[in-house]
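> coords please:
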Amino acid sequence: MARCRLPPVPASGITGEDVYRDRRRLLKALAFAPALTIAGCRGEPPPPVDVPRAAASRRAGGFGTDEPMTRYEDATSYNNFYEFGSGKADPSRAAKTLVTSPWSVAVGGECAKPGTVPLETLLKGLVPEERVYRMRCVEGWSMVIPWLGVPLGKVLRRFEPTADAKFVAFTTLADPRQMPGIRAPILDWPYREGLRIDEAMHPLALLATGMYGKPLPQQNGAPLRLVVPWKYGFKGIKSIVAIDFLRKAPRTSWNDMQPREYGFFANVNPAVDHPRWSQATERRIAGDGNRLFADRIPTRPFNGYADQVASLYQGMDLARWY
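Model prediction:
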């Protein structure tokens with residue numbers, strides 16, 4: 001089988017993180033600088049570039065934020081990926097055994113074009129977009145991460161889901177040779193997650209192939225993971241190998257494990273506590289190299305994306321659908 005070739009990574013993908021961050025700061029500064037008269041150009045200023053409006057549009061759409069980003073070192077060494085161990089640092093040490101190329105995804109269920117396709121075919125013609133999203137873990141900590149990826153809805157539409165497709169189910173690879181964590185009965189492997197079809201088609205829902213201008217590290221769900229920024233982080237299933245269109249809500253791993261604590265919808269809601277801790281505030285991971293956590297900050301409904309997604313849940317009891 002041919003080796004997997006992802007869509008082209010933007011220019012930032014070949015830079016180091018320090019340069020990447022400097023580039024973003026420079027662009028932001030230039031966006032708000034006055035137009036300059038260039039000597040030798042007849043005193044005429046260059047045509048204005050409407051960067052501020054574009055940046056404002058991205059923020060209004062939920063695709064960007066002015067909040068400080070979590071350091072790459074922290075985002076790749078403090079995370080949950082139980083297939084490689086239950087400790088926060090376990091995935092960064094153990095996930096190097098994960099083989100991410102070649103990779104294929106099996107798509108089935110209520111759709112007109114089912115099949116198992118190589119990753120490069122799944123993403124063919126789709127150029128990764130940068131989305132800077134907040135990520136809120138159900139455990140009470142959060143990050144701000146610049147993802148690279150493609151809108152989930154664009155990928156799903158390629159398989160022509162039928163009118164009977166009400167939900168979308170996702171499955172993670174489960175290979176004990178590559179994933180030592182699944183030798184322990186922490187969950188009923190493989191890891192499973194799901195969305196309602198309208199959630200999956202929402203513009204904010206992202207299939208991520210990279211982060212910080214680089215390909216996804218193995219410990220963060222390479223080569224393909226789900227990012228749904230208005231939901232708790234456990235909905236962001238990693239290393240996806242199967243997608244199924246279903247008539248009924250799929251069983252999901254944490255909901256099966258403890259339904260009283262991990263609901264199917266799992267929308268971020270500071271007014272509804274986890275049975276064992278408050279969800280009103282969060283510890284933002286925004287370390288400066290000397291400490292991992294910044295001060296606690298208030299958690300926002302739908303993780304700050306209410307303007308974009310609250311309409312999906314009109315008429316629902318959000319306390320019940322924790």
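> on the pLDDT front, check R59 for me.
pLDDT recorded at R59 is 85.
> secondary structure element for it?
helix 51-61 (DSSP states H and E).
> so which residues of the stretch 1-150 of the chain form helices?
Taking DSSP state H, counting those that start in this stretch, the helices of the stretch 1-150 of the chain run over residues 17-31, 51-61, 72-75, 90-94, 119-122.
> packing partners for the last one?
Under the contact criterion of 3 or more C-beta pairs under 8 Å, 6 or more residues apart in numbering; DSSP states H and E, helix 119-122 touches strand 104-109. All C-beta atoms are positioned from the backbone trio N, CA, C, and that covers glycine.
> give me the sheet partners of the strand it packs on and which way each runs.
In the sheet, strand 104-109 lines up against strand 115-118 (antiparallel), strand 240-246 (parallel) (DSSP bridges).
> point out the most buried one among the ones you listed.
strand 240-246 (a mean of 21; mean count of other C-beta atoms under 10 Å).
> where in this protein is pLDDT low?
Counting by pLDDT under 70, the chain has low-confidence residues at 1-54, 287-291, 321-322.
> what bridges to the most centrally placed residue in it?
What sits nearest the mean C-alpha location of the chain, by C-alpha atoms, centre = their mean, is V227, with 2.3 Å. Applying DSSP bridges to V227 gives these bridge partners: L206.
> which residues in the stretch 201-322 of the chain form strands?
206-211, 214-215, 225-227, 240-246, 281-285, 293-298 (DSSP state E, counting those that start in this stretch).
> and the strands paired with strand 104-109 as TSV, adding distance to E139?
Listed next are the strands paired with strand 104-109 as TSV, based on distance: least, C-beta to C-beta, whole Å:
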stretch	distance to E139
strand 115-118	34
strand 240-246	22
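> closest one to W141 among these?
For W141, the closest of these is strand 240-246, at 23.7 Å, according to C-beta to C-beta.
> how about G62: what's its closest non-neighbour residue?
Leaving aside its sequence neighbours, G62 sits nearest to Q308 (C-beta to C-beta, 6 or more residues apart in numbering; 4.5 Å).
> what about that neighbour, how many residues nearby?
18 (other C-beta atoms under 10 Å).
> got it, and L195?
26.
> L123 too?
25.
> ok, now S104?
With other C-beta under 10 Å as criterion, S104 counts 17.
> quick one: neighbours of the closest residue to R300 other than its chain neighbours, just the number.
Sequence neighbours aside, P270 is the residue nearest to R300 in space, at 6.9 Å (criterion: C-beta to C-beta, 6+ apart). Neighbours of P270 under the rule other C-beta under 10 Å: 17.
> help me confirm that P270 comes into contact with I297.
No - the pair P270 / I297 is not scored as a contact, 10.8 Å apart, by C-beta atoms under 8 Å.
> before we move on, the earlier item: quick one: contacts for the residue nearest to the centre of the chain?
Residues counted as contacts of V227 (C-beta atoms under 8 Å, 6 or more residues apart in numbering) are 131, 133, 135, 147, 149, 205-208, 236.
> cool, S253 as well?
S253 makes contacts with 187-188, 191-193, as judged by C-beta under 8 Å, 6+ apart.
> residues in contact with the host helix or strand of V168: which ones?
According to DSSP H and E, V168 maps onto strand 167-172. With contact meaning C-beta under 8 Å, 6+ apart, strand 167-172 is reached by 83, 109, 156, 161, 190-197, 200, 226, 237-250.
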